[in-house]
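Novice: I'll drop the sequence and a predicted model, then ask my questions.
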Amino acid sequence: MFAVGEDWAQALERFCDSLWLEEGLARNTLDSYRRDLILLAGWLASQYGAVSPYEVSELQLQGWLAYLFRERKFSSTSAARALSSVRRFYRFAVRTEEMSGDPSLRLESPRIQRGLPLALSEAEVESLLDVPSVETPLGLRDRAMLEVLYASGLRVSELVNLPLAHLGLIEGVVRVQGKGGKERLVPLGEQAREWIERYLKDARPTLLAGQPHRALFVTHRRESMTRQAFWYRIKQHARGAGIITPLSPHTLRHAFATHLVNHGADLRVVQLLLGHADISTTQIYTHVARERLRQLHARHHPRG
């Protein structure tokens, strides 16, 4: 990592403080912005000597993007993310009147080839849900967690960090703290609610051995579940279900969204349920639905 001068250090501090105060962005997100901008500052210093953050030109930014691709071997996705950080920084500089113009304004973002997220079929999801042995506390916990993931579309990190106090069984909703500390209410569905009630009655007290704990889902060590531990459990259950589709931490989240869209859910509703800040992130699921229709047509139509 490059070292930066005092002028850059102060500018980055003001920028990140503003993001935290105005938008409540998480520390990891702020660190990502900071890393991208430090990379820019270091490259400028290596090429041009001391350059104020408020004296950078469009031509210099173009050279920096070329450096990311040619020397740092950034992918289009990584370069686009870094450029997004720089654009946001310079919008802030213009807004705070540190600069009169934005040198990043006319830069073109790298083209990103977006792959369609792999989603399990409805039959595969049913098979996966049936694998955990609900006669054991751990199996019952896993079944409840899988049901909640599929019913609500939560991120795995949101699920394992879900406090018991955020569960509204009477209302049938959970209060989720998502990215940037933003909260949303997500419906559970009847089956997920029933499995949670069974877990709370028959498994959680046994796992905790009578001890209190703030987390909804816990381990036999009387601790919160970790993202890695639960993901290991999912992969085990997938093998038990005979699922050969490559899995990712978002597999059930993708299935949740894809199946909603396939059954006619409004994209704005899906956006709210997933906690996406931008509708463009959710629009990938319309492509998934269209691809599914194309495959069905090719398979079943006499002239497919």
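Specialist: Cool, got the structure.

Novice: so what are the domain limits for the chain?
Specialist: Domain segmentation of the chain under automatic domain parsing yields 6-95, 122-300.

Novice: closest to residue 103 out of the ones you listed?
Specialist: Nearest to residue 103, of all these, is domain 6-95, at 4.6 Å by Cβ to Cβ. For glycine as for every other residue, the C-beta is placed from the backbone atoms N, C-alpha and C.

Novice: might you report the residue contacts of residue 127?
Specialist: 241-243 (Cβ atoms under 8 Å, 6 or more residues apart in numbering).

Novice: which of these lies closest to residue 119?
Specialist: Using Cβ to Cβ, the contacts of residue 127 come closest to residue 119 at residue 243, 11.8 Å.

Novice: circling back to that earlier point, now the contacts of residue 127 as a markdown table including secondary structure and distance to residue 79?
Specialist: Listed next are the contacts of residue 127 as a markdown table, based on DSSP: H, G, I helix; E, B strand; the rest coil; distance: Cβ to Cβ, whole Å:
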| residue | secondary structure | distance to residue 79 |
| --- | --- | --- |
| 241 | coil | 38 |
| 242 | coil | 40 |
| 243 | coil | 34 |
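
Novice: out of these, grab the one that's most surrounded.
Specialist: residue 243 (19 neighbours; other Cβ atoms under 10 Å).

Novice: and it, how close does it get to residue 68?
Specialist: Per Cβ to Cβ, to the nearest Å, residue 243 is found 37 Å from residue 68.

Novice: surely residue 169 touches residue 193?
Specialist: Yes. Applying Cβ atoms under 8 Å as the test, residue 169 and residue 193 come out as touching, 5.9 Å apart.

Novice: in terms of packing, which of these two has more residues around it?
Specialist: Counting neighbours by other Cβ under 10 Å for residue 169 and for residue 193 shows that residue 193 has the greater number, 23 against 13.

Novice: quick check, that one in a helix?
Specialist: Yes. Using DSSP: H, G, I helix; E, B strand; the rest coil, the assignment for residue 193 is a helix.

Novice: dump the residue contacts of it.
Specialist: Counting by Cβ under 8 Å, 6+ apart, the residues that residue 193 touches are 169, 172.
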